[in-house]
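[1] the following block contains a protein sequence and its predicted model.
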Amino acid sequence: GAVVSQHPSRVICKSGTSVKIECRSLDFQATTMFWYRQFPKKSLMLMATSNEGSKATYEQGVEKDKFLINHASLTLSTLTVTSAHPEDSSFYICSASRQTEAFFGQGTRLTVV
Amino acid sequence: GENVEQHPSTLSVQEGDSAVIKCTYSDSASNYFPWYKQELGKRPQLIIDIRSNVGEKKDQRIAVTLNKTAKHFSLHITETQPEDSAVYFCAASRAGHNQGGKLIFGQGTELSVKP
């Protein structure tokens, strides 16, 4: 299957700092990527759709100024959590689709202290 | 808006028994229904999927059924093994060009298979 790589897998940051998470499709081009957030023992909540060359589409209730998404190339989307706070601690995971099948990155465990 | 409901939230079975997980969806335009298995701290892995032009699909011990009229689909695992223990998610999507990959997930089912 296709490969999606996400980096870093774990990050610990201080409150008030920003954290960037990268999502790369390694063997296919993805005009669209998706960012999800997952709380412990909970489902994947779609945060936003990342569109190559245009603005991301955010789901209702997700602050676009808080979670900045950039999709500058056909193989890379980045999610930046700005001015992180402890409540932003979570598992963030991206996906990219080839045809109809979605391929997920490894996920990023963010801990804000 | 789009919504996927999944039941049960937890399921415990004895090794060798069958497990059934059910999902309903709200968006009648959905036409692609994948099932994922997720182990703790890992990425979801696709285990089986079904498209709306098919009512049932089987792959060894795993099968999925789809009832488009009722807008529900189910995962069936037969002859369960301890390694089947994980969290299972259903999802629904409109698999057209502009919507491809936007998955709406169910709440998840934590399956425990006891030896």
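    Now that the structure is in, tell me what you want to look at. Numbering: from 1, shown residues only, chains lettered A, B, ... in the order given.
[2] which stretches of chain A have low pLDDT?
    A:1 (pLDDT under 70).
[3] so who does the residue most central in space within it touch?
    The structure's chain A has its C-alpha centroid closest to residue A:35; by CA atoms, centre = their mean the separation is 3.9 Å. Applying CB atoms under 8 Å, 6 or more residues apart in numbering or on different chains to residue A:35 gives the contacts A:23, A:46, A:47, A:48, A:50, A:67, A:69, A:77, A:79, A:92, A:93, A:94. The way it works is simple: take the backbone N, C-alpha and C, and place the C-beta from them, glycine included.
[4] could you pull out the strands for chain A?
    A:4-7, A:10-13, A:19-25, A:32-38, A:44-51, A:57-58, A:67-73, A:76-81, A:90-98, A:101-104, A:108-112 (DSSP state E).
[5] ok, the spatially closest residue to the residue nearest to the centre of chain A that is not a sequence neighbour - how many residues close by?
    Nearest residue to residue A:35, sequence neighbours excluded (CB to CB, 6 or more residues apart in numbering or on different chains): residue A:47, at 4.6 Å. When neighbours are counted by other CB atoms under 10 Å in any protein chain shown, residue A:47 registers 23.
[6] same check, this time on the one 5 residues further on
    Under the neighbour criterion other CB under 10 Å, residue A:52 is assigned a count of 16.
[7] could you do the one 3 residues further on as well?
    Using other CB under 10 Å as the criterion, residue A:55 is surrounded by 13 other residues.
[8] got it, and residue B:33?
    27.
[9] ok, now which ones touch it?
    B:23, B:25, B:49-52, B:64, B:66, B:73, B:90-93.
[10] on that earlier part again, what's across from the residue nearest to the centre of chain A in the sheet?
    residue A:48, residue A:94 (DSSP bridges).
[11] one step back: closest to residue A:5 out of the contacts of residue A:35?
    residue A:23 (7.5 Å; CB to CB).
[12] in contact with the closest residue to residue B:3 other than its chain neighbours, which residues are there?
    Closest residue in space to residue B:3, ignoring its immediate chain neighbours: residue B:26 at 4.4 Å, by CB to CB, 6+ apart. For residue B:26, the contacting residues are B:1, B:2, B:3, B:4, B:71, by CB under 8 Å, 6+ apart.
[13] okay, now the residue of chain A found nearest chain B: neighbour count?
    Residue nearest to chain B within chain A: residue A:97 (2.8 Å; CB to the nearest CB). Residue A:97 has 24 neighbours, counted by other CB under 10 Å.
[14] go on, residue B:80?
    With other CB under 10 Å as criterion, residue B:80 counts 21.
[15] for it, which three-state class applies?
    coil (DSSP: H, G, I helix; E, B strand; the rest coil).
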